[in-house]
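In: Need the 3D shape of this:
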Amino acid sequence: MAVENVKVTILVDNQAAQGLAAEHGLSLWIEAGFLRILFDTGQGAALPVNAEKLEISLDQADVLVLSHGHYDHTGGLSRVLKVNRKISVYCHPKAVKLRCSRSGGSARFIQMPDEAIVALNKAPLSSMHWVEQPVMISPDIGITGPIPRNTNFEDTGGPFFLDPEGRLADSIIDDQALWINTLEGIVVCVGCCHAGLINTLNYVRRLSGVSAIRAVIGGFHLVNADENRMAQTILALRSLHPEKLIPCHCTGEKALRELEKAFEGRVLSAEAGKTFHF
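Out: This next block holds a predicted model:
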């Protein structure tokens, strides 16, 4: 079995088509068979604006998947739960933890906004799914849950901590991806790949039992990748033979250029407003 028709629309991204709002964040609208899935919610401001202009009804979503608990992926959560009381929410229980990043000796808080946490706490228990292991939301659509960190060249992609003093490193264990089995291989939706792009793809292939990768769409978080990580990532990607790569959000301009050079014709440009059919 496989999903015959999959349509993925980028609702929120760092870049946006004319007339749409751009912000540092990510949200994808996925139509897979009879399911309508919202994957992440951006920072919050761009989501309702772009959804209205793209004629996407957030109140019609069946499922909301949160890739991890950073503000730029969960900021629109409270608005979604307000307009859609029947939606099923899938996220890791540690997505609500305090999170920080540090630069130049100072800390910046990057956790899920307070109003999003309040909205989660008020959601009906029947609609909440706390994901700590792989879960299937349909026979051909799965959520990875925490992703094993097996490569020796991938890391979380930045100076992330659980405290503002920078004493407790944040492994971002809540990072997870969504995968869809189509007739021509798996479509993998990623938020930031804090577990590592290659770790994520290897785990999805293992969970799905499908080796062919039809497409990978979302944030690859290679913005801080050094030359070794980029070289190793490209080498590993070549062995995985992805048909299409659609880097968004936190991939980084330099990494994007490297991917375009290494996978000529297979890297598609991304921005809010673009739709991809599989």
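
In: what's the helix or strand for the nearest residue to Glu243 once chain neighbours are set aside?
Out: The shortest distance from Glu243 to any residue other than its chain neighbours is 5.4 Å, reached at Arg214 (Cβ to Cβ, 6 or more residues apart in numbering). For glycine as for every other residue, the C-beta is placed from the backbone atoms N, C-alpha and C. If you go by DSSP states H and E, Arg214 is part of strand 213-219.

In: ok, and what's touching that strand?
Out: With Cβ atoms under 8 Å, 6 or more residues apart in numbering as the test, strand 213-219 has contacts from 8, 10, 26, 28, 39, 67, 177, 182, 184-193, 197, 201, 205, 240-251, 270, 276, 278.

In: Of those, which qualify as buried by neighbour count?
Out: 8, 10, 26, 28, 39, 67, 177, 182, 185-193, 197, 201, 205, 242, 244-251, 270, 276, 278 (16 or more other Cβ atoms under 10 Å).

In: count of residues packed around the residue nearest to Glu243?
Out: Close neighbours of Arg214, defined as other Cβ atoms under 10 Å, add up to 19.

In: What about the contacts of strand 213-219, which are in strands?
Out: 8, 10, 28, 39, 182, 185-190, 245-248, 276 (DSSP state E).

In: Which parts of the stretch 101-250 of the chain are helices?
Out: Secondary structure of the stretch 101-250 of the chain (DSSP state H, counting those that start in this stretch): helices at 114-122, 197-208, 227-240.

In: For the longest one, name the packing helices and strands.
Out: Under the contact criterion of 3 or more Cβ pairs under 8 Å, 6 or more residues apart in numbering; DSSP states H and E, helix 227-240 touches helix 197-208, helix 253-262.

In: what distance separates the start and the end of stretch 38-50?
Out: Using Cα to Cα, to the nearest Å, one end of stretch 38-50 lies 13 Å from the other.

In: go on, stretch 195-215?
Out: Counting by Cα to Cα, the terminal residues of stretch 195-215 are separated by 18 Å.

In: from the middle of its chain, how far away would that stretch be?
Out: Averaged C-alpha coordinates place stretch 195-215 at 14 Å from its chain's average position (Cα atoms, centre = their mean, to the nearest Å).

In: which parts of stretch 41-58 are buried?
Out: Within stretch 41-58, the residues scored as buried using 16+ other Cβ under 10 Å are 41-44, 46-51, 54, 56, 58.

In: Cool, thanks, talk later.
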